[in-house]
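>>> what follows is a protein structure lacking sequence information:
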């Protein structure tokens, strides 16, 4: 086997052997035969392990690391992540079942979300997990579930802070938001929790996601810790856990720089020292999803046709926006940009003239790559979409136009 090397400048994770992209050390064409059909998603265990190890090395040892299941709820992947991290964060009853099946201690599972149903709350209380309450209604409902089951529910208060994570792709704190309880209202809800006898565990503050600006994350984490400590004096007991959210981004498009962990680590060292002094015994956690799994996954589709229309070349593949909405540009992009693409079985071939990669759907929105330089692919070749480990299949309209769902494999 040849010496493994990166795919190209903006893909430093997956290796290549001759013409073949390697996923989990397996040549792509062989992996496609092993999966049995295209399209499919493939996630690399070694890359998942390496990302967690890199974070553990860079960030303070006392910091707890949680995996946010919403980034990728594939059961085999969640089981793998459950063995690497300190906690699992879920956002629905369905995700809770996956987390419990993964074998994680219920005490290490947390459930957040602004619209938890009565059934989900009963499920969560019965499981004995941490419930992030986000309204007065939820607090009352959790107490009712506890009374019905004869148990004392464990709760954290999710706070909507008066600030947001700047330079983030999705802002979930600051201003009017459906998430959490406005910080100025938290003292009253803490009194409600005390009166109902719930087992108060701490606070949860999640202000935004997908930021590549370390200075913005440092500022947001510092303000989150300060806010939590300010409110701790009005809690029924000293908080045991401060979940200060995540927000770590990954680069998707040309010109985007990778997140610098060094200033974040320095800021967290200071923040953890402050917490240790004010709240001895309390733990601080960050919750990450995309940053942990996003770069460890690829989406693979097979070329069905190569055609030219009025001078423009199209590669028509058997997958598209119904499987990978984000890569098509229809999941929040204001101006459509291409995810990194490759022809996974022609990695040693030079790029040809620009072409567009389109799916099989009868809509002009079904685009995976627009005017992108790729080797001259033919029917049967394998198109690879990188950065596909997070918000891929589960964030896509897989029922659209009735095409089969893709498979997922952990390699």
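On my side now, so go ahead. Here the structure is a predicted model, which means the values were calculated and not measured. Numbering: from 1, shown residues only.

>>> what segments of this protein are helices?
Secondary structure of the chain (DSSP state H): helices at 28-35, 45-58, 75-82, 93-101, 118-127, 136-149, 186-196, 214-232, 261-278, 290-293.

>>> looking at these, which is nearest to residue 397?
helix 93-101 (17.4 Å; Cβ to Cβ). All C-beta atoms are positioned from the backbone trio N, CA, C, and that covers glycine.

>>> buried sites along that closest one?
Buried residues in helix 93-101, counting neighbours by 16 or more other Cβ atoms under 10 Å, are found at 93, 95, 96, 98, 99, 100.

>>> same question for stretch 232-245.
232, 235, 236, 239, 240, 241, 242, 243, 244, 245.

>>> by mean pLDDT, point me to the weakest helix or strand of the chain.
Least confident helix or strand, the chain: strand 5-8 with a mean of 43, by mean pLDDT, DSSP states H and E.

>>> domains in the protein, by residue range?
As recorded under automatic domain parsing, the domains making up the chain are 5-44+295-410, 112-288.

>>> what about the longest one, distance to the chain center?
Distance, stretch centre to chain centre, for domain 112-288: 17 Å (Cα atoms, centre = their mean, to the nearest Å).

>>> for stretch 395-406, same thing?
Taking mean C-alpha positions (Cα atoms, centre = their mean), stretch 395-406 and its chain are 21 Å apart.

>>> pull up the per-residue confidence for the residue of the chain positioned farthest from its centre.
No residue in the chain sits farther from the centre than residue 310, which is 40.3 Å out by Cα atoms, centre = their mean. Confidence at residue 310, expressed as pLDDT, is 95.

>>> please tell me how far it sits from residue 23.
Here the distance between residue 310 and residue 23 works out to 36 Å (Cβ to Cβ, to the nearest Å).

>>> ditto for residue 111
32 Å.

>>> contact partners for the closest residue to residue 72 other than its chain neighbours?
Once flanking residues are discounted, residue 72 sits nearest to residue 293: 4.9 Å by Cβ to Cβ, 6 or more residues apart in numbering. Residue 293 makes contact with 43, 48, 51, 67, 71, 72, 77, 81, 389, 390, according to Cβ atoms under 8 Å, 6 or more residues apart in numbering.

>>> test my guess that residue 339 contacts residue 252.
Yes - in this structure residue 339 lies within contact range of residue 252 using Cβ atoms under 8 Å: 6.0 Å.

>>> residues that sit against both of these two, list them.
By Cβ under 8 Å, 6+ apart, the residues touching both residue 339 and residue 252 are residue 387.

>>> in the stretch 101-250 of the chain, where is pLDDT below threshold?
166-177 (pLDDT under 70).

>>> next one, pLDDT for the closest residue to residue 70 other than its chain neighbours please.
Nearest residue to residue 70, sequence neighbours excluded (Cβ to Cβ, 6+ apart): residue 91, at 5.0 Å. The score at residue 91 is 97. That number is its pLDDT.

>>> and residue 91, how many neighbours does it have?
20 (other Cβ atoms under 10 Å).

>>> just residue 57 next, same as before
Residue 57: 10 neighbours (other Cβ under 10 Å).

>>> if I look at it, how far off is residue 261?
Residue 57 is 9 Å from residue 261, by Cβ to Cβ.

>>> list the contacts for residue 279?
Counted by Cβ under 8 Å, 6+ apart, residue 279 has contacts 229, 232, 238, 239, 242.

>>> out of those residues, who's nearest residue 14?
Using Cβ to Cβ, the contacts of residue 279 come closest to residue 14 at residue 242, 36.0 Å.

>>> what sits against that closest one?
Per Cβ under 8 Å, 6+ apart, neighbours of residue 242: 202, 203, 205, 224, 225, 228, 275, 279, 282, 283, 284, 285.

>>> ok, residue 411 next?
23, 24, 25, 26, 31, 42, 43, 44, 45.

>>> who does the nearest residue to residue 76 once chain neighbours are set aside bridge with?
Spatially, and ignoring its direct neighbours in sequence, residue 76 is nearest to residue 410 (4.5 Å; Cβ to Cβ, 6+ apart). In this entry, residue 410 is beta-bridged to residue 43, by DSSP bridges.

>>> one more: residue 303?
residue 317.

>>> number of residues surrounding it?
Neighbours of residue 303 using other Cβ under 10 Å come to 19.

>>> likewise for residue 328?
Neighbour tally, residue 328, other Cβ under 10 Å: 26.

>>> one more: residue 150?
When neighbours are counted by other Cβ under 10 Å, residue 150 comes out with 6.

>>> from residue 389, how far out is residue 51?
Distance from residue 51 to residue 389, by Cβ to Cβ: 10 Å.

>>> quick one: which of the two has more around it?
residue 389 (28 against 21).

>>> thinking that one is in contact with residue 299, fair?
No - proximity of residue 389 to residue 299 does not meet the contact threshold set by Cβ under 8 Å, at 9.3 Å.

>>> one step back: redo the helices of the chain as JSON lines? Include distance to residue 346.
Listed next are the helices of the chain as JSON lines, based on distance: least, Cβ to Cβ, whole Å:
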{"stretch": "helix 28-35", "distance to residue 346": "10"}
{"stretch": "helix 45-58", "distance to residue 346": "22"}
{"stretch": "helix 75-82", "distance to residue 346": "28"}
{"stretch": "helix 93-101", "distance to residue 346": "36"}
{"stretch": "helix 118-127", "distance to residue 346": "47"}
{"stretch": "helix 136-149", "distance to residue 346": "53"}
{"stretch": "helix 186-196", "distance to residue 346": "56"}
{"stretch": "helix 214-232", "distance to residue 346": "37"}
{"stretch": "helix 261-278", "distance to residue 346": "34"}
{"stretch": "helix 290-293", "distance to residue 346": "27"}
